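Student: This is a predicted model, with the sequence first.
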Amino acid sequence: MALCRRLARLAAHLQDPRKVAAFQRLCGVEGPSGWADAEQRAGGRGPVVNGGPPAAERAGEQGHPAGNGTVPGGAGPPQRWRRRPRRNSLTEEDSSQEFSTRSRFLYYLFSLGTELGNELFYILFFPFCIWNLDAWLGRRLIIIWVWVMYLGQCTKDVIRWPRPASPPVVKLEVFYNSEYSMPSTHAMSGTAIPLALLLLSYGRWQYPLMFGLILAFCWCSLVCCSRIYMGMHSILDVIAGFLYAILILVVFHPVVDLIDNFNLTYKYAPLIIISLHLALGIFSFTLDTWSTSRGDTAQILGCGAGVACGSHVNHIMGLQLDPPPDTLPLSLSSLTVTVFGKAILRLLIGVIVLLLTKVAMKKATIPLACKIFRIPHDDVRKARQRMEVELPYRYITYGMVGFSLMFIVPCLFHFIGLS
């Protein structure tokens with residue numbers, strides 16, 4: 001019992017939003033004028049709904065002077081850089097406040113760390129790996145990524161812990177503010193991808209083990225710290241995400257070869273894959289009310305299903321993307337200007353095709369789903385929040401993106417002589 005009480009106290013200590021605010025201050029981040037007073041008022045209360053400050057406090061902050069504690073005639077405050085929180089198309093306009101930071105370097109560094117867990121990174125990293133490095137490796141990374149992200153998103157909606165309270169925390173982004181907090185799926189992907197990359201590539205590629213360990217450590221640390229810096233997760237959320245990802249890796253890494261071989265060779269694999277991923281998506285949509293995690297979950301499952309089906313079609317048609325066994329272990333020593341130029345050209349052309357596929361499918365599926373289920377689509381943002389629209393829109397759109405990644409784009413490369 002004593003051990004349980006100690007663990008409970010430790011968990012409460014690591015979940016304290018004031019620890020997040022202290023890390024932000026250490027990095028030079030400050031909220032709007034009067035934020036310190038609001039933080040003191042927030043110190044004695046529990047967390048508010050998903051990290052959002054009450055409206056009365058937000059209104060009260062507008063009336064505080066902007067002197068920031070300076071004394072007339074004294075030295076002025078250090079020069080600060082003012083910004084608005086990063087947002088997306090589904091973010092409410094009044095859900096964030098301006099903040100300031102002393103260090104642009106840290107802001108851009110941790111923004112980079114956050115992007116390592118966002119769609120922009122995935123749509124560049126996975127295609128580059130599959131088209132230019134090693135399709136065998138890329139397929140297995142996507143299998144692990146899909147399960148890590150799916151389990152992480154579902155766990156959030158089961159535990160339902162709110163985001164760190166604001167104040168005292170300053171929200172530097174509000175992309176995922178409607179989601180729950182525990183565990184951090186950014187920390188999970190930022191742990192699983194580099195570690196899986198190391199486990200799957202070492203021995204298949206020639207590089208020093210120390211290089212792989214340093215890359216994995218820096219990648220993981222940057223993503224995890226960025227979530228605290230951005231004010232989106234407590235320290236406990238990040239630690240839980242890190243450990244959860246390792247647990248999933250321990251379970252799935254031994255069977256990833258079996259899953260990939262099943263996707264490639266089993267006759268009815270596409271039917272089973274599509275049915276399984278669709279069933280998992282429907283289950284996740286029943287866990288709670290709407291949040292961006294719903295769309296993200298359907299998006300991840302759709303992408304995974306599309307990649308698996310595209311891999312199966314490649315195998316059936318004899319379009320072999322994997323390096324021949326006699327070329328193993330692979331090496332980067334043969335990199336030339338021509339090889340590098342072709343790699344960049346493949347990435348540029350391929351990503352354009354993927355983005356065009358995404359836009360075309362989005363334009364087609366949202367109005368079609370609204371028409372089928374008789375949902376008004378005058379306000380697209382509200383229509384996309386309905387399960388009947390969001391699940392088919394995300395699943396079909398990103399399923400086609402995944403299928404294009406594995407089959408259509410490689411066929412295009414073969415046709416134009418870039419394979």
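Tutor: Right, received. Where do you want to start?
Student: any idea of the mean pLDDT for stretch 313-320?
Tutor: Mean per-residue pLDDT for stretch 313-320: 84.
Student: Can you list phi and psi of residue 330 for me?
Tutor: When read as degrees, to the nearest 10, the backbone of residue 330 gives phi -80, psi 160.
Student: ok, so what distance separates it from residue 183?
Tutor: 34 Å (Cβ to Cβ, to the nearest Å). To be clear about C-beta, it is placed using only N, CA and C from the backbone, and glycine gets the same treatment.
Student: Please apply the same query to residue 20.
Tutor: Taken as Cβ to Cβ, the span from residue 20 to residue 183 is 15 Å.
Student: Compare these two (neighbour count), which wins?
Tutor: residue 20 (29 against 26; other Cβ atoms under 10 Å).
Student: Now do the SS call for that one.
Tutor: With DSSP: H, G, I helix; E, B strand; the rest coil as the basis, residue 20 sits in helix.
Student: ok, now which ones touch it?
Tutor: Taking Cβ atoms under 8 Å, 6 or more residues apart in numbering as the contact definition, residue 20 lies against 164, 168-169, 228, 231, 233-235.
Student: same thing but at 6 Å, please
Tutor: Residue 20 makes contact with 164, 169, 228, 234, according to Cβ atoms under 6 Å, 6 or more residues apart in numbering.
Student: okay, it: pLDDT?
Tutor: Reading off the model, residue 20 has pLDDT 83.
Student: Equivalent analysis for the one 4 residues further on, please.
Tutor: Here, the pLDDT recorded for residue 24 equals 81.
Student: can you give me how far whichever strand or helix holds it is from the chain middle?
Tutor: Per DSSP states H and E, residue 24 falls inside helix 17-26. When C-alpha coordinates are averaged (Cα atoms, centre = their mean, to the nearest Å), helix 17-26 and its chain have centres 23 Å apart.
Student: repeat for stretch 264-272
Tutor: The answer for stretch 264-272 is 28 Å, by Cα atoms, centre = their mean.
Student: Could you pull out the buried residues of it?
Tutor: Buried residues in stretch 264-272, counted by 16 or more other Cβ atoms under 10 Å: 264, 269-270.
Student: Switch those over to TSV; also include secondary structure, pLDDT and distance to residue 29.
Tutor: Supplementary listing: the buried residues of stretch 264-272 in TSV, determined by DSSP: H, G, I helix; E, B strand; the rest coil; pLDDT from 0 to 100; distance: Cβ to Cβ, whole Å:
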residue	secondary structure	pLDDT	distance to residue 29
264	helix	89	48
269	helix	89	48
270	helix	89	48
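Student: Could you provide those residues in CSV, with additional columns for distance to residue 410?
Tutor: Output for the buried residues of stretch 264-272, formatted as CSV (distance: Cβ to Cβ, whole Å):
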residue, distance to residue 410
264, 15
269, 19
270, 17
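Student: Go through those and name the one nearest residue 282.
Tutor: residue 270 (18.5 Å; Cβ to Cβ).
Student: wouldn't the closest one be in contact with residue 309 here?
Tutor: Yes - because the distance of 4.7 Å satisfies Cβ atoms under 6 Å, residue 270 is recorded as touching residue 309.
Student: How much space separates the closest residue to residue 272 other than its chain neighbours from residue 273?
Tutor: The spatially closest residue to residue 272, leaving aside those adjacent along the chain, is residue 266, at 7.5 Å (Cβ to Cβ, 6 or more residues apart in numbering). Plainly put, residue 266 is 9 Å away from residue 273 if you go by Cβ to Cβ.
Student: send the alpha carbons of whichever strand or helix holds residue 225 over as CSV?
Tutor: With elements taken from DSSP H and E, the one containing residue 225 is helix 209-229. The C-alpha trace of helix 209-229 is given here as CSV (Å, rounded to 0.1, in the frame of the first residue of the first chain):
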residue,chain,number,x,y,z
LEU,A,209,25.2,1.0,-34.3
MET,A,210,26.2,4.1,-32.3
PHE,A,211,24.9,6.3,-35.1
GLY,A,212,21.5,4.6,-35.0
LEU,A,213,21.3,4.8,-31.2
ILE,A,214,22.1,8.6,-31.2
LEU,A,215,19.6,9.2,-34.0
ALA,A,216,16.9,7.4,-32.1
PHE,A,217,17.7,9.1,-28.8
CYS,A,218,17.7,12.6,-30.4
TRP,A,219,14.5,12.0,-32.4
CYS,A,220,12.7,10.6,-29.4
SER,A,221,13.9,13.4,-27.0
LEU,A,222,13.0,16.2,-29.4
VAL,A,223,9.5,14.9,-30.0
CYS,A,224,8.8,14.3,-26.3
CYS,A,225,10.2,17.6,-25.1
SER,A,226,8.3,19.5,-27.9
ARG,A,227,5.0,18.3,-26.5
ILE,A,228,5.7,19.8,-23.1
TYR,A,229,7.1,23.0,-24.6
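Student: Go through it and flag the buried ones.
Tutor: 212, 216, 219-220, 222-229.
Student: ok, the nearest residue to residue 396 once chain neighbours are set aside - how many residues close by?
Tutor: Distances taken as Cβ to Cβ, 6+ apart put residue 365 closest to residue 396, at 5.2 Å, once the chain neighbours are dropped. The number of residues packed near residue 365 is 18, by other Cβ under 10 Å.
Student: Sweet, I'm off.
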